[in-house]
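**Student:** coordinates for the following, if possible.
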Amino acid sequence: MDRGAFFSRKEAENTTLSEALDRYLTEITEKKKGSYQESRQIENLKIHSLGKRFLATIQGRDIAEYRDERLATVSPATVRRELVILSHLFTVASKEWGMSGLGNPVQAIRLPYGRGVSRDRRLNPGEETALLDACEKYGGDLPHIVLPALETAMRRGEIDGMTWDDVDLKKRTVTLPGTKTGEVRIVSLSSEAIRILSSIPRRIDGRVFGYTDPHSITWVFIHACKKAGINGLTFHDLRHEATSRLFELGLSAEKVKKITGHKTYQMLSRYTHLKTEDIAEEIDKLKKERSGKTVEAQTKSSGH
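**Tutor:** Numbers count the residues shown, from 1 in each chain. So this is what the prediction gives:
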């Protein structure tokens with residue numbers, strides 16, 4: 001009883017966090033742009049022992065224990081995103097699901113701050129050959145997915161969602177209608193990417209690849225890496241590798257940004273790692289070219 005108002009806790013005492021997360025996924029997450037990533041975070045919350053607890057029994061100390069446990073294995077940014085979802089769930093449950101007596105235990109703790117360490121993993125010598133060989137042995141769509149990823153720098157979800165209506169083999173482009181940034185992007189296709197796509201049989205449903213969701217790509221990729229004896233490589237690292245290669249080919253930052261779809265040049269810089277020795281060699285090459293042009297000009301001016 002609070003100022004004459006009675007708040008029933010019955011529903012909150014009979015609903016587990018896992019059940020509430022399922023409802024949140026259906027009513028909230030699936031209506032968001034980029035819902036796939038949030039759905040993965042929800043799965044992490046569900047499989048934790050906290051998922052079996054009834055909402056009314058979860059207190060701030062329980063959330064703090066979850067936070068500290070997760071911080072031992074993942075970045076502060078990841079934990080913060082999970083806790084933000086959890087906090088919103090308790091707010092929605094209280095305001096919209098009839099659990100008006102339910103408090104929000106996430107508000108009782110400190111959210112972790114700090115950004116995760118940017119990945120700079122690239123393929124080591126011999127890894128590409130080993131990876132592609134393992135993908136061929138695995139079969140299915142996997143080799144046809146890994147090669148375009150290295151050729152186009154497309155994200156996993158973008159590749160998975162491709163349809164043949166998006167692909168124009170004559171113009172050598174793929175139009176991505178719903179990218180991570182929410183903008184339509186047109187990706188240029190190299191000759192190798194065209195060769196790969198041209199070799200893929202057309203599916204009845206119009207999709208280029210047959211995986212049910214992007215997460216399926218992750219699992220088969222992990223399997224291929226294990227078979228190839230490759231450690232510490234993620235599918236997203238292929239985007240990093242492809243983007244770095246575009247710079248190494250000599251493309252300007254503006255052109256690379258257009259291909260990859262990065263929002264800012266600062267974001268793009270995370271994917272470029274020029275070797276110091278390569279820069280030194282380029283400086284020497286430019287100096288020699290300039291020196292040669294100077295000597296040539298002097299020779300012409302002297303009449304020789």
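
**Student:** enumerate every residue touching the residue nearest to E158 when sequence neighbours are not counted.
**Tutor:** Using C-beta to C-beta, 6 or more residues apart in numbering and skipping the chain neighbours, the partner closest in space to E158 is L176 (5.2 Å). Every residue, glycine included, has its C-beta placed from N, CA and C. L176 makes contact with M154, E158, G161, M162, D166, V184, R185, I186, V187, G261, according to C-beta atoms under 8 Å, 6 or more residues apart in numbering.

**Student:** for the stretch 101-250 of the chain, give me the ranges with low pLDDT.
**Tutor:** 114-119, 178-183, 212-213 (pLDDT under 70).

**Student:** stretch 156-168: which residues count as buried?
**Tutor:** For stretch 156-168, a neighbour-count test (16 or more other C-beta atoms under 10 Å) marks R156, G157, E158, I159, D160, G161, M162, D166, V167 as buried.

**Student:** please apply the same query to stretch 189-200.
**Tutor:** For stretch 189-200, burial by neighbour count (16+ other C-beta under 10 Å) applies to L189, A193, I194, I196, L197.

**Student:** tell me the gap between that stretch and the middle of its chain.
**Tutor:** How far stretch 189-200 lies from its chain's middle: 23 Å, per C-alpha atoms, centre = their mean, to the nearest Å.

**Student:** alpha carbons only: can I get it in CSV?
**Tutor:** C-alpha atoms of stretch 189-200 as CSV (Å, rounded to 0.1, in the frame of the first residue of the first chain):
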residue,chain,number,x,y,z
LEU,A,189,31.7,-5.7,-57.8
SER,A,190,35.1,-6.7,-58.9
SER,A,191,35.7,-9.1,-61.7
GLU,A,192,36.3,-11.9,-59.2
ALA,A,193,33.1,-11.1,-57.3
ILE,A,194,31.2,-11.2,-60.6
ARG,A,195,32.7,-14.6,-61.4
ILE,A,196,31.7,-16.0,-58.0
LEU,A,197,28.1,-14.6,-58.2
SER,A,198,27.7,-15.8,-61.8
SER,A,199,28.6,-19.4,-60.8
ILE,A,200,25.8,-19.6,-58.1
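
**Student:** can you give me the helices in the protein?
**Tutor:** 10-13, 17-27, 35-47, 60-71, 76-96, 127-138, 142-152, 156-160, 191-198, 214-228, 235-248, 253-260, 265-269, 276-301 (DSSP state H).

**Student:** turn the ones you listed into TSV, including distance to R172.
**Tutor:** Putting those into TSV (distance: least, C-beta to C-beta, whole Å) gives the following:
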stretch	distance to R172
helix 10-13	56
helix 17-27	38
helix 35-47	28
helix 60-71	44
helix 76-96	37
helix 127-138	22
helix 142-152	11
helix 156-160	17
helix 191-198	6
helix 214-228	24
helix 235-248	16
helix 253-260	12
helix 265-269	23
helix 276-301	29
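
**Student:** which of those sits closest to V208?
**Tutor:** Comparing those against V208 with C-beta to C-beta, the closest turns out to be helix 191-198 (7.2 Å).

**Student:** which members of the buried residues of stretch 189-200 are the farthest-apart pair?
**Tutor:** Taking C-beta to C-beta, no two of those sit farther apart than L189 and I196, at 9.2 Å.
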